[in-house]
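> structure, please.
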Amino acid sequence: MSWRPQLALVDLGSGSVTHERLDEDQHRTSIGGFGLNVSLAERFLPPGTDALSPENPIIVGSTPFAGTPVPGAARLSVVTRLPLNGAVAGCNGSMAFSSQMRWSGVDHLVIIGKADRPNYVLISEEGIEILEAEDLWGLDTYEATEVLWQRYGRASSVITMGMLGERLAPISLAFVDKAATAGKGGLGAVMGSKNLKAVVAVGGAPVEVAEPKALRRALVELSREMQADGAKDRMIDLATMAGWEKRGKLGFPYQNWSRLFDKERATALYGPVAYSREVKLARAACLGCTLPDKEILKLPGGPSKVSGGCEGFTYASSFSGRAVNYGIRAGVGSAAHVIAAHDAANRQSICDHHWSAGLDLAFDLRARGVIGEDWRGASLLAPGFESSMKLLEMTASGEGIGQVLARGIPGLLEEFGEEAEKRAIHIQGMDTVFDPRAEGLGTKELAQVVSPRRHWISGYTDPYRSGMAPLELRLAGQAIGLPPDSVERILPRPSEYHVGRMLPHVENWYMVLSSVGVCTRAVSRYYSPARVATLLTAITGIHWTPEGLLQAGARAWDRLRLLNAREGLGRRQDRFPARWVREPILGSSGEEHYIHDVGPERRRLDADALSSVLDDYYRERGWDVTAGLPSPAAPPDRSERR
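This next block holds a predicted model:
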């Protein structure tokens, strides 16, 4: 069996659809999913393309594991240029779309051009159609999904966006099957700029695998390990809330990143007990996942003004993040109010992470008199449920201060200038989620600084734990394929952890998982490079080694960096927010916390130390330290399989 992924190119402007088989070598060097999408971006994304121009492609990638019995492998990758900060970035989603697209005979979809009127793209066994969407334009994400499910069946999968995407707002997301999001940074706006309301996938034919017996043997072993895991029942019961105790040990940043909200108080309001008692309803799983972690949450009675309707429940990728965004930052109060605000944002494709960060900054600017009474809605800029719901409504419709909030932190900086810049904590326009003054500078925190999208997710799977000995890290690092010779550079002694040396290996593993389709949440604990190589070989018939996988991941990361270098990204843009460096965040009792490492001594990091962290990162990647880039001629060819 020859593994040659099927590519479909849809031009919304001309209405044309073309197909081609990709060369097997592209799989050998890029794997699939995120990695292969990066390779396609080199081909289809012209340098200097504006994010909202017809020429900006939306590259949707399924993965080799999608549509097969491999559990927890429903990951979907989208690569495009995002309007919030101009990054060329990968945006991951989930649910059923990746599998349904593969079952329809398409592995990668590239959408270019702009339609004259609202449309949606339908992918099925019969082919690809561009269909009118006048009746869908103006519907929220839930309403549009329901209409399309009624047309094509509940088994079909839908990517869509709401009012904020139609208005081309850079904080708009895309939603997948109501329950998953994709595209923090403005994927919804990119869809809106093309008059593209939705993409629907309706699969039919099963995926053919090269070595069914080998795949079956590998899956039996994987299933036994999953069944024997004593932690799985708690993960199924609480989903992401199972990790509540580990998150925000010192408290949760709020008041525009100046203070920490008390952890005990947060736990009483939003912890596992309050979550289970007040809002937990059921769980939704991505297709084929045995650890369902998408939330189905109870809504308080009555429709919200923004949503225009209420089913009695809503969806979330996690509750803990919503509790921080709406409960702590926006100050909406109860867990039920958190869910009401989240539902309102979901329906109009508002990114609640970025919206709440912008709102928190706006609270600060209002209190300091930077935002004056002349702005409609300025009086609403204070924590509270009713004010937050009204501000969500104004954000969706573009009224008053809402049109500034819809443009995110960059919009606030444009409108309110130097004073806003002094108070904002952002990295190239993107909000931060993890603050190293509270959490310490781990891989998640550093990923926010060096990843093209300025997102933490690529730093998620760090095997290091504070106080580890080098031998312990060597053993724990096997889970992500950490090369043994790198341990001496990362952890020369228990008190000296070099996060800049660790992050490239964490990112490479993230790229591998996102390229084969494995979720980076709880289910990733069951996957190692050796297991992924075995499964990928059985599915494709092409022999893979763990080393070859990680080399392909590193190559894709190099290529992604070079794509962004064409748009001006380099070391000068990899900047730690000034307030992280110059001022502490105050604990709930008033104690000062400065940016520090995550080693046992929690050493404070000054500007010179942070510069050294970046040096370490670039050196570990084999990049030019001064430019912060791979070789401008070509990324190192690390993808050859050993």
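> please make it C-alpha for all contacts and neighbour counts, starting now.
Noted.
> need phi/psi at Arg259.
Main-chain dihedrals, Arg259, degrees, to the nearest 10: phi -140, psi 170.
> ok, it - how many residues close by?
Counted with other CA atoms under 10 Å, residues neighbouring Arg259 total 22.
> kindly report the same for the one 3 residues further on.
Other residues within reach of Asp262, judged by other CA under 10 Å, total 18.
> and it, what does it touch?
For Asp262, the contact set (CA atoms under 8 Å, 6 or more residues apart in numbering) comprises Leu250, Gly251, Phe252, Gly587, Ser588.
> tell me the bridge partners for the third one.
What it means is Phe252. On the basis of DSSP bridges, Phe252 is bridged to Phe261.
> my read is that it contacts Phe261, right?
Yes - counting by CA atoms under 8 Å, Phe252 does reach Phe261; the two are 4.9 Å apart.
> joint contacts of those two?
Counting by CA under 8 Å, 6+ apart, the residues touching both Phe252 and Phe261 are Ile328.
> now render the contacts of Asp262 as CSV, adding distance to His19.
Output for those, formatted as CSV (distance: CA to CA, whole Å):
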residue, distance to His19
Leu250, 53
Gly251, 52
Phe252, 49
Gly587, 57
Ser588, 58
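> closest one to Lys213 out of the residues you listed, please.
Lys213 lies nearest to Phe252 out of these, by CA to CA, at 49.1 Å.
> from Ser588, how far off is the closest one?
9 Å (CA to CA, to the nearest Å).
> more neighbours: those two, which one.
For Phe252 versus Ser588, neighbours defined as other CA under 10 Å are more numerous around Phe252 (23 against 16).
> tell me the spacing between the more buried one and Gly32.
37 Å.
> same question for Pro64.
To Gly32, Pro64 is 6 Å away according to CA to CA.
> overlap in contacts of these two?
Common neighbours of Pro64 and Gly32 (CA under 8 Å, 6+ apart) are Ser515, Val516.
> contacts for stretch 66-75, please.
Applying CA under 8 Å, 6+ apart, the contact partners of stretch 66-75 are 62-63, 65, 92-100, 102-103, 206-207, 219, 286-291, 514, 516-519, 523-524.
> rerun at 6 Å
Applying CA atoms under 6 Å, 6 or more residues apart in numbering, the contact partners of stretch 66-75 are Phe65, Gly93, Ser94, Ser98, Ser99, Gly288, Cys289, Gly517, Val518, Cys519.
> what mean pLDDT does that stretch have?
For stretch 66-75, the mean pLDDT works out to 94.
> distance between it and the chain's centre?
Centroid separation for stretch 66-75 versus its chain: 18 Å, with CA atoms, centre = their mean, to the nearest Å.
> export the helix or strand containing Thr267 to PDB, keeping only CA atoms.
Thr267 is part of helix 263-270, with elements assigned from DSSP states H and E. Extracted C-alpha coordinates of helix 263-270, given in PDB (Å, rounded to 0.1, in the frame of the first residue of the first chain):
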ATOM      1  CA  LYS A 263      -6.800  29.700  45.800                       C
ATOM      2  CA  GLU A 264      -9.000  28.600  48.700                       C
ATOM      3  CA  ARG A 265     -11.700  31.100  47.800                       C
ATOM      4  CA  ALA A 266     -11.500  30.100  44.100                       C
ATOM      5  CA  THR A 267     -11.900  26.400  45.100                       C
ATOM      6  CA  ALA A 268     -15.000  27.200  47.200                       C
ATOM      7  CA  LEU A 269     -16.500  29.100  44.300                       C
ATOM      8  CA  TYR A 270     -15.300  27.000  41.300                       C
END
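> so what does that helix touch, helix or strand wise?
The helices and strands touching helix 263-270, judged by 3 or more CA pairs under 6 Å, 6 or more residues apart in numbering; DSSP states H and E, number zero.
> following element in sequence after it, please.
Note on helix 263-270: by DSSP H and E, the next helix or strand toward the C-terminus is helix 272-274.
> tell me which residues in stretch 228-243 are buried?
Using 16 or more other CA atoms under 10 Å as the test for burial, stretch 228-243 gives Lys232, Met235, Ile236, Asp237, Leu238, Ala239, Thr240, Met241, Ala242.
> the residues you listed in helices, which ones?
If you go by DSSP state H, the buried residues of stretch 228-243 have Lys232, Met235, Ile236, Asp237, Leu238 in helices.
> what is the nearest of those residues to Lys280?
Nearest to Lys280 among these is Leu238, at 8.9 Å by CA to CA.
> spatially nearest residue to the closest one, not counting backbone neighbours?
Excluding the flanking residues, the one nearest Leu238 by CA to CA, 6 or more residues apart in numbering is Pro272, at 7.3 Å.
> equivalent analysis for Thr443, please.
Gly459 (4.7 Å).
> what about that neighbour, neighbour count?
Gly459 has 24 neighbours, counted by other CA under 10 Å.
> contacts only, for it.
By CA under 6 Å, 6+ apart, the contact list for Gly459 reads Thr443, Lys444, Ala447, Val506.
> which strands and helices sit next to the longest helix along the chain?
Identified as the longest helix of the chain according to DSSP H is helix 546-565. The elements that helix 546-565 packs onto, with contact taken as 3+ CA pairs under 6 Å, 6+ apart, are helix 499-516, helix 529-540.
> could you give the angle of that helix to helix 499-516?
Here helix 546-565 runs at an angle of 100 degrees relative to helix 499-516 (axes from the mean of the first three to the mean of the last three CA atoms, to 10 degrees).
> need the contact partners of the very next helix or strand once past helix 546-565.
Using DSSP H and E, the helix or strand that follows helix 546-565 in sequence is helix 578-582. If you take CA under 6 Å, 6+ apart as the criterion, helix 578-582 is touched by no other residue.
> same deal with stretch 317-330?
Contacts for stretch 317-330 (CA under 6 Å, 6+ apart): Ala180, Thr240, Tyr254, Lys294, Val332, Gly333, Val338, Ser356, Pro383.
> apply 7 Å and report the result again.
179-180, 240-241, 254-255, 270, 294-295, 332-334, 338, 342, 352-353, 356, 360, 383-384, 388 (CA atoms under 7 Å, 6 or more residues apart in numbering).
> cross the residues you listed against strands and list the overlap.
Secondary structure defined by DSSP state E assigns Ala180, Tyr254, Lys294, Glu295 of those to strands.
> any idea how far Trp137 lies from Ala396?
Trp137 sits 14 Å away from Ala396, going by CA to CA.
> more neighbours: which of these two?
Remark: of Trp137 and Ala396, Ala396 carries more neighbours, 28 against 21, as counted by other CA under 10 Å.
> okay, that one: pLDDT?
pLDDT recorded at Ala396 is 96.
> for it, give me its contacts.
Contacts for Ala396 (CA under 7 Å, 6+ apart) come out as Met163, Leu164, Gln348.
> roughly how far apart are the first one and Ile350?
In this structure, Met163 and Ile350 are 9 Å apart, going by CA to CA.
> tell me which of these two has more neighbours.
In this view Met163 and Ile350 are compared by other CA under 10 Å, and Ile350 has more residues nearby, 31 against 25.
> hang on, the more buried one packs against Ser172?
Yes - using CA atoms under 7 Å, Ile350 is in contact with Ser172, at 5.0 Å.
> what touches both of the two?
Common contacts of Ile350 and Ser172 (CA under 7 Å, 6+ apart): Leu164.
> which one of the contacts of stretch 66-75 sits closest to Ala530?
Nearest member of the contacts of stretch 66-75 to Ala530, counting by CA to CA, is Val518, at 13.9 Å.
> and that closest one, how many residues sit next to it?
Neighbour count for Val518, taken as other CA under 10 Å: 27.
> hang on, it in a strand?
No - counting by DSSP: H, G, I helix; E, B strand; the rest coil, Val518 is not found in a strand; it is coil.
> per-residue pLDDT, it?
95.
> cool, Thr540 as well?
pLDDT, Thr540: 95.
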